[in-house]
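Colleague: Sharing a model that was predicted from the sequence below.
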Amino acid sequence: MLKSKIGKSLLIVLCLFVTGNVFAMTWAELKGQIEAKYGSFSDEVQDMEMVVETESKGMEKMQGPGPSEVKMLRKDNKYRMETKMMMPEGSGMPDMTNIMIYDGEALWSVNQFAGKTKISDDADTKGDQLSWWKDMPENGKIIGSEKLGDKDCYVVEAWDIDTSSAAEKGENKIKGWIEKGTLLLIQSEFKGAKDETFKAVNSNFQKVKNWELPYTTEIYVGEELISKTTIKSLKINQDLSDDLFDADKVKMESKGMPGMPNMNNMMKNFKPGQ
């Protein structure tokens, strides 16, 4: 009986010791490890060209647009995003192409319907789509450990506003699952405006130089899959031309919407007083 009690006591002490060490790491330490491992990505990748395909499922089984293909280019602090969206058959709408360019000073939109339009002068706009570790909030904590499939993950909570009041109220909370061995972001969750749960699941990780990057990302609302994004190709350090990031040098055929006049042609023929 005495041996049994001693054995149980040792087991309890051992469990407490193990549990204490599981959560011994702080959010600041984990964040520091992630930044140390992946932070050099942006320094070593002078430019990048990535082509992704997104399939939108629509909410509540509604018919959404067809697959869209996006080409993303980045060089230093500039980026260019070309989106081609295929519209559903029978919609009467043509496939659409839109180009967003951040030239280091301003964000521009160029498409075949409206031509070139200045969106903002936001000098902090970023086009680095893969460097998720740059956006990690300072305010966060490790709340547990959990397995997602065969991946043993830290479960973390953080807030996109670094204030204690937001944390106390649970506002703007993001929950993430970070794999312990690789420090990869496997899954994240946050609440929408209507208190619905959005979930992003990363998978199909592939090696790019010294880093592993997710080639597939699925977005869910609740349990419903609403979009799937797949990287079709990724190239780095090709010495991309600076002209690609100049909105004035984009060549695109101007078109009018079906049943509507071409606005650019109207402006060419416009004479004051008529």
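Modeller: Yep, that arrived.
Colleague: use CA for all of it now, contacts and neighbours both
Modeller: Noted.
Colleague: hey, where'd the helices end up in the protein?
Modeller: Applying DSSP state H to the chain gives helices spanning 2-22, 27-38, 41-44, 164-169, 263-269.
Colleague: and the second one, what does it pack onto?
Modeller: It stands for helix 27-38. strand 140-148 (3 or more C-alpha pairs under 8 Å, 6 or more residues apart in numbering; DSSP states H and E).
Colleague: how about stretch 33-48: buried residues?
Modeller: I34, E35, Y38, G39, F41, S42, V45, Q46, D47, M48 (16 or more other C-alpha atoms under 10 Å).
Colleague: Roughly how far does the fifth one sit from G115?
Modeller: Counting by C-alpha to C-alpha, to the nearest Å, the gap between F41 and G115 amounts to 35 Å.
Colleague: Ok, the last one next?
Modeller: Applying C-alpha to C-alpha, one obtains 26 Å for the distance of M48 from G115.
Colleague: who are the neighbours in contact with the closest residue to E179 other than its chain neighbours?
Modeller: Once its chain neighbours are removed from consideration, E179 has its nearest residue in C153; the separation is 4.1 Å (C-alpha to C-alpha, 6 or more residues apart in numbering). Taking C-alpha atoms under 8 Å, 6 or more residues apart in numbering as the criterion, C153 is in contact with S145, E146, K147, W177, I178, E179, K180.
Colleague: and if you look at K118?
Modeller: A106, L107, W108, S109.
Colleague: mind listing the strands for the protein?
Modeller: 47-56, 68-75, 78-85, 96-102, 107-111, 115-120, 140-148, 151-159, 173-179, 185-191, 197-208, 211-221, 224-236 (DSSP state E).
Colleague: who wins for proximity to M252 among those strands?
Modeller: In this view, the strands of the chain are compared for proximity to M252 by C-alpha to C-alpha, and strand 107-111 is the closest at 7.2 Å.
Colleague: Specify the beta-bridge partners of the spatially closest residue to F190 that is not a sequence neighbour.
Modeller: Once flanking residues are discounted, F190 sits nearest to I174: 4.9 Å by C-alpha to C-alpha, 6+ apart. In this structure, I174 has the following beta-bridge partners (DSSP bridges): A158, F190.
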